[in-house]
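Q: the following comprises the amino acid sequence and a computationally predicted model.
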Amino acid sequence: MHVDASAFAHNPNRYVTPEFAHLSRFLRLHKSTELVLWKHGQRSYAFQEWKTTVAFRLEKVSNIRGLVRAFSRRFGCAAISKVPLFELGVFVRKNNDAPILNHTFVNTFRTLIAYGLKRDQNVFPLALLENPDMTKGSRVLQCPQEAKLPSHERGMMTGCDAPVFPSVINNRSPNASHHGCGHLGLTP
């Protein structure tokens with residue numbers, strides 16, 4: 001389990017970690033799951049996070065635009081505008097025997113460096129989109145925020161399902177464009 005250090009110091013995001021007993025039981029029931037993510041508490045899509053981090057000056061507009069331009073060429077504006085956002089302050093990942101997941105994390109790091117970005121939350125959902133095998137079946141599960149809290153009736157996390165990613169065929173959407181995604185509202 002990854003828990004951001006800020007959860008223990010200054011915690012403005014109110015990160016809550018699931019109880020280990022409930023999480024352990026949940027993972028035993030979902031053996032093929034390599035990654036458990038939680039929905040972001042305030043935003044639904046990655047592009048909304050891009051706009052927020054730019055507004056708070058946590059990222060440079062030009063760097064985010066470069067990322068958006070590259071991914072819109074590959075997948076199309078419509079596709080990247082529907083990439084889900086996750087709360088990356090808390091997640092659970094499989095460490096062993098998960099080469100595609102490991103590659104996804106490596107690609108996240110490489111993409112951060114390539115575009116001069118700082119926040120993994122702006123890149124990681126796109127790295128999942130780049131690996132279609134990660135977006136099929138139950139390899140990745142997304143849970144609602146309240147799933148971190150114990151359910152006294154069942155005694156385990158509930159409401160978790162595969163996140164919905166936009167449909168992309170052969171890593172190139174039919175609406176892919178070389179013109180960027182101005183409608184995402186990333187202004188200087």
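A: Done, it's in. Numbering: from 1, shown residues only.

Q: quick one: residues contacting the residue nearest the centre of the chain.
A: Taking CA atoms, centre = their mean, the centroid of the chain lies closest to Pro125, which sits 3.6 Å from it. Going by CB atoms under 8 Å, 6 or more residues apart in numbering, Pro125 touches 46, 83-86. Heads up, the C-betas are built off the backbone N, CA and C, glycines and all.

Q: now, which of those residues lie within helices?
A: Ala46 (DSSP state H).

Q: among the contacts of Pro125, which pair sits farthest apart?
A: Greatest spacing in these, by CB to CB: Val83 and Phe86 (10.1 Å).

Q: quick one: the strands in this protein, in order.
A: Secondary structure of the chain by DSSP state E: the strands cover 2-3, 35-39, 86-93, 140-143.

Q: pull the last one out as CSV, backbone CA atoms only.
A: What follows is strand 140-143, C-alpha atoms only, in CSV (Å, rounded to 0.1, in the frame of the first residue of the first chain):
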residue,chain,number,x,y,z
VAL,A,140,-7.2,-2.2,-12.0
LEU,A,141,-10.1,-1.5,-9.7
GLN,A,142,-11.4,1.9,-8.7
CYS,A,143,-13.2,2.3,-5.4
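
Q: need the contact partners of that strand.
A: By CB under 8 Å, 6+ apart, strand 140-143 touches 30, 33-39, 84, 86, 128, 134, 157, 159-163.

Q: what subset of those residues is buried?
A: 33-39, 84, 86, 128, 134, 157, 160, 163 (16 or more other CB atoms under 10 Å).

Q: partner strands of the helix or strand of the chain with the lowest mean pLDDT, with direction?
A: None of the helices or strands of the chain scores lower by mean pLDDT, DSSP states H and E than strand 2-3, at a mean of 76. Sheet pairing of strand 2-3 (DSSP bridges) gives strand 86-93 (antiparallel).

Q: show me where this protein dips below the pLDDT cut-off.
A: 6-17, 148-156, 168-180, 183, 186-188 (pLDDT under 70).

Q: just the helices in it please.
A: Under DSSP H, the chain gives helices at 20-29, 46-55, 61-75, 77-80, 99-114, 124-130.

Q: export those helices to a markdown table and tack on distance to Ser167?
A: Below are the helices of the chain laid out as a markdown table (distance: least, CB to CB, whole Å):
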| stretch | distance to Ser167 |
| --- | --- |
| helix 20-29 | 28 |
| helix 46-55 | 16 |
| helix 61-75 | 10 |
| helix 77-80 | 8 |
| helix 99-114 | 19 |
| helix 124-130 | 11 |
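
Q: for Ser138, find the nearest of these.
A: Closest to Ser138 of those, according to CB to CB: helix 20-29, at 10.4 Å.

Q: export stretch 28-36 as PDB, just CAs?
A: C-alpha atoms of stretch 28-36 as PDB (Å, rounded to 0.1, in the frame of the first residue of the first chain):
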ATOM      1  CA  ARG A  28      -7.900 -12.400  -1.500                       C
ATOM      2  CA  LEU A  29     -11.300 -12.100  -3.300                       C
ATOM      3  CA  HIS A  30      -9.800 -10.200  -6.200                       C
ATOM      4  CA  LYS A  31      -6.600 -12.200  -6.900                       C
ATOM      5  CA  SER A  32      -6.200 -10.900 -10.500                       C
ATOM      6  CA  THR A  33      -6.200  -7.300  -9.300                       C
ATOM      7  CA  GLU A  34      -2.800  -5.600  -9.600                       C
ATOM      8  CA  LEU A  35      -3.800  -2.100  -8.600                       C
ATOM      9  CA  VAL A  36      -6.500  -0.600  -6.400                       C
END
